[in-house]
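Asker: Pasting the sequence and the predicted model now:
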Amino acid sequence: MKHLSIKISGKVQGVFFRASTKEIAEKLEIKGFVRNENDRSVYIEVEGEHEKLKQFLDWCHHGPIHAQVAQVDIEEGSLRGFTKFEVRR
């Protein structure tokens, strides 16, 4: 199990990025949350198995159909024990 903090920049708000993130995370059995940031980026914290996180990160580099991902910053951290994946405001 790993914990990742991810910041995604580009045209990532107003394109169903958070809802799509929740859908892919639940499909991959990844726990954590996603939220919009004031700087127009999307911030995600996730926990899961290495291979599933790799698949999730691959998706993050393009996101949903109308997104235009410019940058993905990733930091590894300590496990927090998330029990579900949620969209935060």
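Answerer: Happy to help now that I have it. Quantities reported herein were computed from a predicted structural model and do not represent experimental measurements. Numbers count the residues shown, from 1 in each chain.

Asker: Quick one: the strands in the chain, in order.
Answerer: With strands called from DSSP state E, the chain shows them at 2-11, 31-36, 42-48, 68-77, 85-88.

Asker: Can you give me the pLDDT of the residue most central in space within the chain?
Answerer: By CA atoms, centre = their mean, the mean C-alpha position of the chain lies nearest to residue 44, the distance being 4.1 Å. In this model, residue 44 is scored at 98, pLDDT.

Asker: right, and it touches residue 21 too?
Answerer: Yes. With contact defined as CB atoms under 8 Å, residue 44 counts as touching residue 21 (6.3 Å). Just so you know, the C-beta spots here come from the backbone N, C-alpha and C atoms, and that holds for glycine as well.

Asker: who touches both of these two?
Answerer: The contact sets of residue 44 and residue 21 overlap at 34, 60 (CB atoms under 8 Å, 6 or more residues apart in numbering).

Asker: Find the nearest non-adjacent residue to residue 6, please.
Answerer: Nearest residue to residue 6, sequence neighbours excluded (CB to CB, 6 or more residues apart in numbering): residue 44, at 4.3 Å.

Asker: Beta-bridge partners for the one you found, please?
Answerer: Bridge pairing for residue 44 (DSSP bridges) gives the partners residue 6, residue 34.

Asker: Now do the contacts for it.
Answerer: Counting by CB under 8 Å, 6+ apart, residue 44 has contacts 4, 5, 6, 7, 8, 21, 32, 33, 34, 60.

Asker: Pull the contacting residues for the last one.
Answerer: This means residue 60. 6, 8, 21, 44, 69, 72.

Asker: Likewise for the third one?
Answerer: Residues touching residue 6, when contacts are defined by CB under 8 Å, 6+ apart, comprise 43, 44, 45, 46, 57, 60, 72, 73, 74, 75.

Asker: okay if I get those as TSV plus distance to residue 85?
Answerer: Below are the contacts of residue 6 laid out as TSV (distance: CB to CB, whole Å):
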residue	distance to residue 85
43	14
44	9
45	10
46	8
57	15
60	14
72	18
73	20
74	17
75	19
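
Asker: which among those gets closest to residue 15?
Answerer: Minimum distance to residue 15 across the contacts of residue 6 is 13.4 Å, recorded for residue 60 (CB to CB).
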